[in-house]
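J.: Structural data only, the sequence is not supplied:
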């Protein structure tokens, strides 16, 4: 922790996130190395995984997962499925056991190679740092596709069968990736990598005008309004509001989404999620403009239900829906 410019000034905590991140009145920051979700790792050994450096300048890593043994029903090459973790752009890591467990399950159930990148976190690195890092994580895959000796876990990968997903803040990231690489020039920049579709899991969008689901969200909810606002306060560029197009896809100054080419997109909404109305509005507007968007609502489910209770019936159903979405968009899955 850094010292205050005035040694006699009282230093006190002004922001706190999930017991992981603390910001103090003198501008100092304390970030715990321990995750906020101390759950056991559910690893039966059927998935192999390893970490790789994708941005040496920023020392950013990603984690790759691949089924250890091939099944007779597996295609010759395995599709690639990105998973960008949540945490309000302020907390979270590929190493946290709740996200790690979910990626193990994704690899097993989808019979795919999972790519789980880290990105810089706020308030040390405010947005759009995380967005830019995520672009770099996708461009890293292109470098692997062009490499004669790619990462060992990618040697059986089908670089023409790539899906981008994200949970909460990661869902926001998936939106920005869809916009960034949706143009002709963006798609050409990724060749031979081909993104087949996007899966936005309860995407973390914002706006200055409160929605009904925000205004009526109970305080005891996993993601309540106080936590939601704190994340945006710490993550957005200084002086920005939640109508910044980084947080609000329809905010002024951003790209006109009506004119943007979108690949097929699946938007998952929780019926009891504070972010429900923003996700529904996002999908409905894009559908009105002719974009290939599918919305699936999970009634009665709160934010992040699939990582909080990864073996629940709704989490099982979500996995089947993602599998079906991939198959419908040209993916060969067993």
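T.: Okay, I see it. From a predicted model like this one, the values you see are computed outputs, not experimental measurements. Numbers count the residues shown, from 1 in each chain.

J.: any weak-confidence spans in the stretch 51-200 of the chain?
T.: Applying pLDDT under 70 to the stretch 51-200 of the chain picks out no residues at all.

J.: Look up phi and psi at residue 324.
T.: Residue 324 adopts backbone torsions of phi -60, psi -40, taken as degrees, to the nearest 10.

J.: residues near it, how many?
T.: Counted with other Cβ atoms under 10 Å, the neighbours of residue 324 add up to 12. The way it works is simple: take the backbone N, C-alpha and C, and place the C-beta from them, glycine included.

J.: ok, now how distant is it from residue 79?
T.: Distance, residue 324 to residue 79, using Cβ to Cβ, to the nearest Å: 14 Å.

J.: same check, this time on residue 201
T.: Using Cβ to Cβ, we find residue 201 at a distance of 18 Å from residue 79.

J.: Settle it for me: which of these two has more neighbours?
T.: Under the neighbour definition other Cβ under 10 Å, residue 201 and residue 79 were set side by side, and residue 201 has more, 29 against 22.

J.: which ones are touching that one?
T.: Neighbouring residues of residue 201 by Cβ atoms under 8 Å, 6 or more residues apart in numbering: 165, 166, 167, 168, 170, 171, 268, 306.

J.: where along the stretch 201-334 of the chain do the helices fall?
T.: Secondary structure of the stretch 201-334 of the chain (DSSP state H, counting those that start in this stretch): helices at 212-215, 225-235, 276-288, 305-308, 313-328.

J.: Tell me how confident the model is about the last one, as a mean pLDDT.
T.: Pointing back at helix 313-328 there. The average pLDDT for helix 313-328 rounds to 97.

J.: by contact count, what packs against that helix?
T.: For helix 313-328, the packing partners by 3 or more Cβ pairs under 8 Å, 6 or more residues apart in numbering; DSSP states H and E come out as helix 97-110, strand 195-201, strand 265-270, strand 293-298, helix 305-308.

J.: mind running it again at 10 Å?
T.: In this structure, helix 313-328 makes packing contacts with strand 78-84, helix 97-110, strand 157-167, strand 195-201, strand 265-270, strand 293-298, helix 305-308, judged by 3 or more Cβ pairs under 10 Å, 6 or more residues apart in numbering; DSSP states H and E.

J.: In TSV, list these along with distance to residue 145.
T.: Listed next are the helices and strands packed on helix 313-328 as TSV, based on distance: least, Cβ to Cβ, whole Å:
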stretch	distance to residue 145
strand 78-84	10
helix 97-110	19
strand 157-167	4
strand 195-201	12
strand 265-270	23
strand 293-298	28
helix 305-308	29
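
J.: Figure out which of those is closest to residue 317.
T.: Ranking the helices and strands packed on helix 313-328 by distance to residue 317, with Cβ to Cβ as the measure, places strand 293-298 first at 7.7 Å.

J.: and the direction of that closest one versus that of helix 313-328, what angle?
T.: If you take axes from the mean of the first three to the mean of the last three Cα atoms, to 10 degrees, strand 293-298 sits at 160 degrees to helix 313-328.

J.: buried residues in strand 293-298?
T.: By 16 or more other Cβ atoms under 10 Å, the buried positions in strand 293-298 come out as 293, 294, 295, 298.

J.: now residue 27: how far from residue 260?
T.: Note on residue 27: its distance to residue 260, by Cβ to Cβ, is 38 Å.

J.: Equivalent analysis for residue 79, please.
T.: 24 Å.

J.: now do residue 119
T.: 22 Å.

J.: Give me the more crowded residue out of those two.
T.: Set residue 119 next to residue 260 and count neighbours by other Cβ under 10 Å: residue 119 wins out with 28 against 17.
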